[in-house]
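Novice: The following comprises the amino acid sequence and a computationally predicted model.
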Amino acid sequence: MKEERHPKEEVTFVMVKPDGVKRGLVGDVLKRFEQRNLKIIALAMDQPSKEKIDGHYPKTKEWITRLGNKTLTGYKEYGIDAKARHGTDDAYKIGLEIRKWLIIYMTSGPVVKMIIKGIHAIDMVGKLAGVTFPYKAELGSIRGDFSVDSPAAANKDKRAIHNIIHASENEQEAEHEIAYWFKKDEIFNYKRVEEDLMF
């Protein structure tokens, strides 16, 4: 049986995407996490290759179909004809096209990758990031404050959504992405001065 970990030991993976780096938002993103008493335990800039990004995003039919379905939901909301735009309304086929755009986008410039540690880090980072689609993200979140992009706009331009950051959605994803992007000797453990006071 797996030993239960203290909530403050939870870790997650975050990446500032090329649009966030090019717009000079790395400091703002880091500040949001640190203000919430989340600890940055690994940090590096990288210029990922096409192969590296291809390995980052899942290739399962389920994940690709989910990507397509997110787009189809947005199209339905705004009365956009998927067949006219993509030549199909098949969620899997649309998902494949969007995944291809994601790889182009994520290799268009440097990224800043990091590991965040703290109480319920995965949920906390998700809340700070805001929902995936910036036009629906809450004001006060990173995406809500720094981007207005939407699937309808991005797909019209045949590109990925510019939404500033990527964050792991669950524990399994976080474990995979941390191991994929960082070596063990690149991860640091230290105590923030307020830890004894707050926890």
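Specialist: That came through, no problem. These numbers come from a predicted model, not from an experiment.

Novice: what's in contact with the helix or strand that contains Val125?
Specialist: Under the criterion DSSP states H and E, the helix or strand holding Val125 is helix 121-129. Around helix 121-129, the neighbours that count as contacts under CB atoms under 8 Å, 6 or more residues apart in numbering are 10-12, 14, 32-33, 36, 38, 116, 118, 137, 141-143, 164-165, 167-171, 174. Just so you know, the C-beta spots here come from the backbone N, C-alpha and C atoms, and that holds for glycine as well.

Novice: So what's the gap between stretch 187-199 and the chain middle?
Specialist: On the basis of CA atoms, centre = their mean, to the nearest Å, stretch 187-199 is displaced by 25 Å from the centre of the chain it belongs to.

Novice: So, low pLDDT: which residues of the protein?
Specialist: Within the chain, the segments meeting pLDDT under 70 span 1-3, 199.

Novice: quick one: Ala82 from Tyr57, how far?
Specialist: The gap separating Ala82 from Tyr57 is 21 Å, by CB to CB, to the nearest Å.

Novice: Of these two, which one has the most company?
Specialist: It is Ala82, of Ala82 and Tyr57, that has more neighbours when counted by other CB atoms under 10 Å, with 20 against 14.

Novice: Run through the residues that contact that one.
Specialist: Going by CB under 8 Å, 6+ apart, Ala82 touches 71-72, 75, 88-89, 94.

Novice: and what of Ser108?
Specialist: Pro18.

Novice: Roughly how far does it sit from Leu102?
Specialist: In terms of CB to CB, Ser108 sits 11 Å off from Leu102.

Novice: Return every residue with contacts to both of these two.
Specialist: Common neighbours of Ser108 and Leu102 (CB under 8 Å, 6+ apart) do not exist.

Novice: Could I get the full set of helices for the protein?
Specialist: Taking DSSP state H as the criterion, the chain carries its helices at 18-22, 26-35, 50-56, 61-78, 82-86, 91-106, 121-129, 142-146, 151-156, 171-181, 195-198.

Novice: what about Gly118, how many residues close to it?
Specialist: That count, for Gly118 with other CB under 10 Å as the rule, works out to 25.

Novice: cool, and the one 4 residues further on?
Specialist: The burial count assigned to Ile122 is 20, neighbours taken as other CB under 10 Å.

Novice: Adding neighbour count and distance to Ala44, write the contacts of Ala82 out as a markdown table.
Specialist: Formatted as a markdown table, the contacts of Ala82 follow (neighbours: other CB atoms under 10 Å; distance: CB to CB, whole Å):
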| residue | neighbour count | distance to Ala44 |
| --- | --- | --- |
| Thr71 | 23 | 31 |
| Leu72 | 18 | 36 |
| Tyr75 | 21 | 37 |
| Thr88 | 13 | 39 |
| Asp89 | 15 | 41 |
| Ile94 | 25 | 33 |
